[in-house]
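Peer 1: give me the fold of what follows.
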Amino acid sequence: MKDNETTKQNLIKTCIQFIKFGIVGVGNTLISYVTYTLLVLAGVYYIIANIIGFIVSTLNSFYWNNRYVFTKEKNEKRNIWAALVKTYISYGFTGIILENVLLYLLVDIAGVSKFLAPVVILLATVPLNFLLNKFWSFRGKKESAQKPQLSKDEQHDKEGEADK
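Peer 2: Residues are numbered from 1 along each chain as shown. All right, here's what the predicted structure looks like:
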């Protein structure tokens with residue numbers, strides 16, 4: 001019964017995180033899209049505009065996801081710099097590689113408007129980014145209770161007992 005309750009609590013927590021992720025994502029998407037649109041209107045090649053929008057929006061996303069969505073648990077240890085690097089790697093995959101491939105396919109192959117295509121791509125990248133953030137970028141290590149260190153004599157005695 002306790003496992004069912006824990007599973008239910010974890011599911012609720014994940015749903016709340018996804019909603020918060022969505023809220024942060026709306027603001028982040030606006031930053032990315034406005035950056036992209038302004039640069040395209042200024043004559044910047046749409047792929048370059050997308051990369052610049054990615055860099056700006058990923059930093060914004062990291063700040064708010066770390067502070068608001070994937071908060072550290074009391075017994076969790078998280079290296080903020082490792083989380084930032086993982087965020088850029090995961091968003092690099094979805095925001096630069098996957099998004100630009102899909103952007104090219106939609107704009108140059110399928111003829112979708114270069115202003116609509118980035119919005120359509122969100123249907124694939126938002127859920128994928130949530131999963132990458134939750135289970136990789138912001139996943140900390142649980143601190144366990146420290147086991148007392150055995151002296152060399154105690155280790156030797158323990159090894160001797162195991163041989164018997």
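Peer 1: now stretch 41-49 - C-alpha only, PDB.
Peer 2: Coordinates of each C-alpha in stretch 41-49 appear next as PDB, following Å, rounded to 0.1, in the frame of the first residue of the first chain:
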ATOM      1  CA  LEU A  41      13.300  40.400 -40.100                       C
ATOM      2  CA  ALA A  42      16.700  42.100 -39.700                       C
ATOM      3  CA  GLY A  43      18.000  39.900 -42.600                       C
ATOM      4  CA  VAL A  44      19.800  37.200 -40.500                       C
ATOM      5  CA  TYR A  45      19.700  33.700 -42.100                       C
ATOM      6  CA  TYR A  46      16.900  31.800 -40.300                       C
ATOM      7  CA  ILE A  47      19.200  29.000 -39.100                       C
ATOM      8  CA  ILE A  48      21.700  31.500 -37.600                       C
ATOM      9  CA  ALA A  49      18.700  33.400 -36.000                       C
END
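Peer 1: now it: average pLDDT?
Peer 2: Averaged across stretch 41-49, the pLDDT comes to 94.
Peer 1: mind listing what's buried in that stretch?
Peer 2: 46, 49 (16 or more other CB atoms under 10 Å). Just so you know, the C-beta spots here come from the backbone N, C-alpha and C atoms, and that holds for glycine as well.
Peer 1: that stretch: how far from the chain's middle?
Peer 2: 26 Å (CA atoms, centre = their mean, to the nearest Å).
Peer 1: list the contacts of the residue nearest to residue 137 when sequence neighbours are not counted.
Peer 2: Distances taken as CB to CB, 6 or more residues apart in numbering place residue 86 nearest to residue 137, at 4.0 Å, with adjacent residues excluded. By CB atoms under 8 Å, 6 or more residues apart in numbering, the residues touching residue 86 are 136, 137, 138.
Peer 1: how much space between residue 74 and residue 58?
Peer 2: 28 Å (CB to CB, to the nearest Å).
Peer 1: actually residue 3, sorry about that
Peer 2: Relative to residue 58, and taking CB to CB, residue 3 is found at 37 Å.
Peer 1: what about these two, which has more around it?
Peer 2: The neighbour comparison of residue 3 against residue 58 (other CB atoms under 10 Å) goes to residue 58, with 22 against 7.
Peer 1: which SSE is the more buried one in?
Peer 2: Assessed by DSSP states H and E, residue 58 sits inside helix 46-64.
Peer 1: mind listing what's buried in that helix?
Peer 2: 46, 49-51, 53-55, 57-58, 60-62, 64.
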